[in-house]
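S.K.: below are the sequence and a predicted model; questions follow.
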Amino acid sequence: MPVAVECGEKLKVLIRRAAIQKRVREVAHEITRDFKGQRVHLVGVLKGACIFLSDLVREINLDTSIDFIAVSSYGKGKESSGQVRLVKDLDSSVEGLNVVVVEDILDTGLTISYLLRVLQQRRPKVLRIAALLDKPSRRLKDVKGDYIGFTIPNEFVVGYGLDYNERFRNLKDVCVLNLPEA
């Protein structure tokens, strides 16, 4: 792994780059099939979903537009604060559009349930969720993704856009990060 780890940090590959690429193509084909002949508008949740969205949009064979929204619930740690706030809103209206919210990971469900409430008020034609990773064992809100890349165990993961304190986003694989005991 080309990324430097600090003393005591350990990275273990959970999902290899080749498997991610294959699954992204499959998810894109599912979206293409479900919205055949229609326009789809992808809303990437910054910052974590940017790499997944970039790969996904290039595999969708439809008239596709993108926008970004940013929310915060983590701060600088491994655990969600439980409070979600909008940091960057969309640049354009989603009213009447087929919207697919693109997330890096469905974890507790707090962030995505907040986003769904916000976006539903803006009257999209359809509102769906695409997530690279799903960690259902941690779910606090009853939300399910429509397009899921991989279901993973309750491990703290980084890479392919996911971070720890803004580090590790550039890893090509999804890796479990183990930190030294405090």
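M.R.: Received the coordinates, thanks.
S.K.: burial count for the closest residue to Q83 other than its chain neighbours?
M.R.: Counting by C-beta to C-beta, 6 or more residues apart in numbering, S73 is the residue found nearest to Q83 once chain neighbours are left out, at 6.5 Å. Every residue, glycine included, has its C-beta placed from N, CA and C. With neighbours defined by other C-beta atoms under 10 Å, the count for S73 comes to 16.
S.K.: was I right to think S73 contacts T111?
M.R.: Yes: using C-beta atoms under 8 Å as the test, S73 is close enough to T111 to be in contact (5.2 Å).
S.K.: quick check on C175: phi, psi?
M.R.: Per-residue torsions, C175: phi -120, psi 150 (degrees, to the nearest 10).
S.K.: distance of it relative to Y160?
M.R.: With distances taken as C-beta to C-beta, to the nearest Å, C175 is found 9 Å from Y160.
S.K.: also D104?
M.R.: 8 Å.
S.K.: what do those two both touch?
M.R.: Both D104 and Y160 are in contact with 52, 132, where contact means C-beta atoms under 8 Å, 6 or more residues apart in numbering.
S.K.: and the longest helix for the chain?
M.R.: helix 17-34 (DSSP state H).
S.K.: next structured bit after it?
M.R.: Scanning forward in sequence from helix 17-34 by DSSP states H and E, the next helix or strand is strand 39-46.
S.K.: that following strand: partners in the sheet, and parallel or antiparallel?
M.R.: Applying DSSP bridges, strand 39-46 is found paired with strand 63-72 (parallel), strand 98-106 (parallel).
S.K.: check which residues of the lowest-mean-pLDDT helix or strand in the chain are buried.
M.R.: In the chain, the helix or strand scored least confidently by mean pLDDT, DSSP states H and E is strand 85-88, which has a mean of 90. Counting neighbours by 16 or more other C-beta atoms under 10 Å, one finds that strand 85-88 has no buried residues.
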